[in-house]
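A.B. asks: mind looking at a prediction? Sequence and model below.
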Amino acid sequence: MTFLARVYVTLKPTVNDPQGLTIKGALHSLGFSEVESVRAGKYMEVRLEAKDKKAAEKQVNEMCDKLLANPVIEEFRFEIAAAK
């Protein structure tokens with residue numbers, strides 16, 4: 001069965017986010033002064049074959065632990081659904 005995993009990777013709250021600060025400054029210069037903060041991250045879609053959803057979740061969790069996220073400074077979450 002084919003699954004689609006949507007993976008979201010963000011910096012941990014305690015990690016400084018210079019990209020987020022730059023985006024916030026740009027938004028302020030465009031007139032969006034109500035923006036209080038911005039945290040930048042990564043979004044990935046991974047299509048994979050697995051026997052069931054639980055097996056797909058296990059594979060994606062392992063992918064995130066080993067490559068897609070840096071556990072020292074980043075957190076991740078993902079959603080898995082049957083691919084169309």
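C.D. replies: Nice, thanks for sending it over.

A.B. asks: C-alpha from now on. contacts and neighbour counts both.
C.D. replies: Will do.

A.B. asks: from Lys24, how far out is the most far-flung residue of the chain relative to its centre?
C.D. replies: Distance from the centre of the chain peaks at Gly31, with 27.6 Å (Cα atoms, centre = their mean). Gly31 is 11 Å from Lys24, where distance means Cα to Cα, to the nearest Å.

A.B. asks: ok, now Val72?
C.D. replies: For Val72 relative to Lys24 (Cα to Cα), the value is 25 Å.

A.B. asks: what's the mean pLDDT across the helix or strand harbouring Glu57?
C.D. replies: Using DSSP states H and E, Glu57 falls within helix 53-63. Taken as a whole, helix 53-63 has a mean pLDDT of 98.

A.B. asks: what residues does it touch?
C.D. replies: 3, 5, 48-50, 80-82 (Cα atoms under 8 Å, 6 or more residues apart in numbering).

A.B. asks: following element in sequence after that helix, please.
C.D. replies: Downstream of helix 53-63 (by DSSP H and E), the next one is strand 74-82.

A.B. asks: who's in contact with that next one?
C.D. replies: 1-12, 53, 56-57, 64, 69.

A.B. asks: narrow those residues to those in helices?
C.D. replies: Cross-referencing those against helices under DSSP state H gives 53, 56-57.

A.B. asks: neighbour-wise, which of the residues you listed leads?
C.D. replies: Tallying neighbours with other Cα atoms under 10 Å puts Ala56 at the head of these, with 23 neighbours.

A.B. asks: any idea how far Phe3 is from that one?
C.D. replies: For Ala56, the distance to Phe3 - Cα to Cα - is 7 Å.
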